[in-house]
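Student: Using only what follows, build the 3D model:
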Amino acid sequence: MRNNWVGWAQGATVVIAVVLVASFFVLGMAGGSTPFDPPATKSSAAPSTQTPSPVDPSDPHPGVPAVKVADHATWKPTAPLNPDRQLGGDPNPGNVQLPSAAGDDLAAYWTQPVAWKSCGEQLCATVKAPLDWDDPGRSAVDIAMRKVPSKNPTRGPLFVNPGGPGFGGQDFARNLGTDKWSGYDIIGWDPRGTGKSTTVQCGTTEQTDAVFELDGSPDDAAEERALETGWAEFARQCRAASGELLDHLTTIENVRDLDLLRHLVGAEKLNYVGVSYGTYVGAVYAELFPDRAGRLVLDSAVDITDDEASASQSEGFELALRNYATWCAKTKACTLGDSADEVVDGIATFLAGLDANPIAVGDRSLTQSLGATGVALFLYSDEQAYPGLTYVLTDAMDGRAGDLLKAADELNGRGADGYETVAYAFPATRCVDWADEGIEATFDFWEENKAKSPVFATNMGVDFVCETWTADPGPQLKLTAKGAPPILVVGTTGDSATPYEHAVSMAKQLESGVLLTFEGAGHGSVTGGNKCVNAAVTKYLEDGVPPKDGATCS
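Tutor: Numbers count the residues shown, from 1 in each chain. Model prediction:
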């Protein structure tokens, strides 16, 4: 079994990434031409988007799905799994206050009303989902959502997810608005563990700072032990604060929550746009509920295969750094080198030097790992972010590292008042979605990956958060979405966070997958300004007809 998501950076979408780098005055998206390709031939079934009927409260079990996860195929392990996890500890409930159950069975959740209330120019509501879908009467979690109403609501709701895992969807929906996909009410929800839903909690700001400042590239046995000890302590802090919530944060459970939301807002089918990790949410939904899947757009795919040779996230950032270096070498305002190799070598040397000599920033330090994280933030976007990256790198190389540390904080979810929920929900979901083969295997994988990603894998280092986590992972589903209508998978050739190869493999593995390739840079193209991508996605969302499988935009 491969090391899924062995890495460090949350999968921010373009919308979020642009907001994050806005403080460095780098905004904008790429444009493009608008050729249109004939419809795909993989499946001719176009899902319905009729205006849904309201929930019928007289039905004792309206729409309650029979979800037998055990009936779905799973990946077969090739080695012992989770040997170093801290399992069987104190079952205390933690600091998270779990809401009481809606009732003794699922019908109580399926018949609950949705009380929409004004929140600015949108509508917001909070509903309950079972903490444990197999024991609904035990306790619940709150799920918060935001609706951006369409001026002409002819197509019903369109759910959106920005990725992560760990990012809430409410802000994503608000930023998208309704102009992009007219006729749809845009609904963003905060998945369990995130945002204004029942959230994961861990340690204090100071304790979390200490974790992110760990030396992720150990040079000897003592540093390896310190890294393992630090992540193990972080995992215990999360368990102490979040209690049994940590045992119920899989994407499978999030997807069941999503199907509940679909039902409660009166939608017959789920129409959905997911970016980055949001592609995994969409793929799992299509696997568990193929007959309820409507028009699913999966942009910037994560790796859903079991291929140990699959491209890693750090390889994607390595490619993005090389693209930046090529731009820098040709740009007078960038003085980091006269050739792409010189630029890359200079950045690598600077980051490596932070291992022994971190730069003080107030009462904190820019470490080797944090420096690489700060660089990665800018590589989520395209050339519009390059001037900002040049600015913060030049300053940091001159000893003024405040802005580069700020960039790392943005990607790690650290604000002026402490850490956002993404800092804790990211590992909490990642570690229960995928099994691991233990600390030694992960360390070996990192050593192998350094040859493929000499700048990012080397300087970002390795973490042992999942290897020392306190919860067991859920089933490792082999996703095929058998019986689902056409699913549009969009991949960007220069994607940093989710390499293009992942989109190719996702479209191939999903039986009704249709691949649309954007020849460009950045992470997340459907939220950008490329006219060709926008035309293909809009047509699919409007009439259910995807572009031809293998179509290309530039």
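Student: which residues does the residue nearest the centre of the chain contact?
Tutor: Closest residue to the average C-alpha location of the chain: residue 164 at 2.4 Å, with CA atoms, centre = their mean. Taking CB atoms under 8 Å, 6 or more residues apart in numbering as the criterion, residue 164 is in contact with 10, 11, 191, 194, 276, 277, 278, 422, 425, 426, 429. Heads up, the C-betas are built off the backbone N, CA and C, glycines and all.
Student: Mind checking which of those are in helices?
Tutor: 277, 278, 422, 425, 426, 429 (DSSP state H).
Student: For the closest residue to the second one other than its chain neighbours, list the residues it contacts.
Tutor: By that I understand residue 278. Excluding its sequence neighbours, the residue lying closest to residue 278 (CB to CB, 6 or more residues apart in numbering) is residue 161, at 3.5 Å. For residue 161, the contacting residues are 169, 172, 188-189, 191, 272-275, 277-278, 281-282, by CB under 8 Å, 6+ apart.
Student: Beta-bridge partners for residue 161, please?
Tutor: residue 274 (DSSP bridges).
Student: Spell out the secondary structure type for the closest residue to residue 516 other than its chain neighbours.
Tutor: Closest residue in space to residue 516, ignoring its immediate chain neighbours: residue 490 at 4.8 Å, by CB to CB, 6+ apart. State at residue 490, reduced to three classes by DSSP: H, G, I helix; E, B strand; the rest coil: strand.
Student: next one: residue 535
Tutor: Assignment for residue 535 (three-state DSSP): helix.
Student: Kindly provide the distance from it to residue 267.
Tutor: Distance, residue 535 to residue 267, using CB to CB, to the nearest Å: 25 Å.
Student: I'd like the distance between residue 178 and residue 167.
Tutor: To residue 167, residue 178 is 20 Å away according to CB to CB.
Student: Comparing these two, which residue is more hemmed in?
Tutor: The neighbour comparison of residue 178 against residue 167 (other CB atoms under 10 Å) goes to residue 167, with 31 against 20.
Student: Show the backbone phi and psi for the more buried one.
Tutor: phi -80, psi 140 (degrees, to the nearest 10).
Student: Show the pLDDT at the closest residue to it other than its chain neighbours.
Tutor: Leaving aside its chain neighbours, residue 167 sits nearest to residue 422 (5.5 Å; criterion: CB to CB, 6+ apart). If you check residue 422, the pLDDT there is 95.
Student: domain assignment for the protein?
Tutor: 14-26+202-244+309-460, 69-191+249-301+478-553 (automatic domain parsing).
Student: what's the distance between the last one and the middle of its chain?
Tutor: Put simply, domain 69-191+249-301+478-553 sits 11 Å off its chain's centre (CA atoms, centre = their mean, to the nearest Å).
Student: so where do the helices sit in the stretch 451-554 of the chain?
Tutor: Under the criterion DSSP state H, counting those that start in this stretch, helices of the stretch 451-554 of the chain are mapped to 456-460, 500-509, 531-543.
Student: Residue 316: neighbour count?
Tutor: Residues near residue 316, counting by other CB under 10 Å, number 27.
Student: Just to check, it is in contact with residue 492?
Tutor: No: the pair residue 316 / residue 492 is not scored as a contact, 10.0 Å apart, by CB atoms under 8 Å.
Student: next SSE after the strand or helix carrying residue 408?
Tutor: Using DSSP states H and E, residue 408 maps to helix 402-412. The first helix or strand that comes after helix 402-412 along the chain, using DSSP H and E, is strand 414-415.
Student: partner strands of that following strand, parallel or antiparallel?
Tutor: Strand 414-415 has these strand partners (DSSP bridges): strand 418-419 (antiparallel).
Student: thinking again about what came up before, how confident was the prediction at the residue nearest to residue 278?
Tutor: pLDDT at residue 161 comes out at 98.
Student: ok, it to residue 283 distance?
Tutor: From residue 161 to residue 283 the distance is 12 Å (CB to CB).
Student: I'd like the ones in helices among the contacts of residue 164 as CSV, with neighbour count appended.
Tutor: Below are the ones in helices among the contacts of residue 164 laid out as CSV (neighbours: other CB atoms under 10 Å):
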residue, neighbour count
277, 31
278, 31
422, 24
425, 30
426, 26
429, 27
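Student: Show me which of the residues you listed is closest to residue 462.
Tutor: residue 426 (16.0 Å; CB to CB).
Student: Quick one: the strands in the stretch 1-150 of the chain, in order.
Tutor: 117-119, 122-130, 140-148 (DSSP state E, counting those that start in this stretch).
Student: In CSV: those strands, plus mean neighbour count, mean pLDDT and distance to residue 530.
Tutor: Converted to CSV, these look like this (neighbours: other CB atoms under 10 Å; pLDDT from 0 to 100; distance: least, CB to CB, whole Å):
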stretch, mean neighbour count, mean pLDDT, distance to residue 530
strand 117-119, 10, 98, 31
strand 122-130, 21, 98, 27
strand 140-148, 23, 98, 22
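Student: Residue 460 is nearest to which of those strands?
Tutor: Checked against CB to CB, the stretch from those lying closest is strand 140-148, at 32.3 Å.
Student: For that closest one, which helices and strands make contact with it?
Tutor: Packing partners of strand 140-148 (3 or more CB pairs under 8 Å, 6 or more residues apart in numbering; DSSP states H and E): strand 122-130, helix 170-176, strand 184-190, helix 251-264.
Student: Run through who's touching the longest one.
Tutor: For helix 251-264, the surrounding residues in contact (CB under 8 Å, 6+ apart) are 55, 62-63, 65, 67, 69, 109-110, 112, 114, 127, 129, 133, 141, 143, 145, 157, 159, 165, 187, 189, 191-192, 269-270, 280-281, 284-285, 288-289, 292, 429, 433, 474-475, 477.
Student: Buried among those residues? Make that a ChimeraX selection.
Tutor: Selection of the buried residues among those in ChimeraX, burial being defined by 16 or more other CB atoms under 10 Å:
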select :55,63,65,67,69,109,110,112,127,129,133,141,143,145,157,159,165,187,189,191,192,269,270,280,281,284,285,288,289,292,429,433,474,477
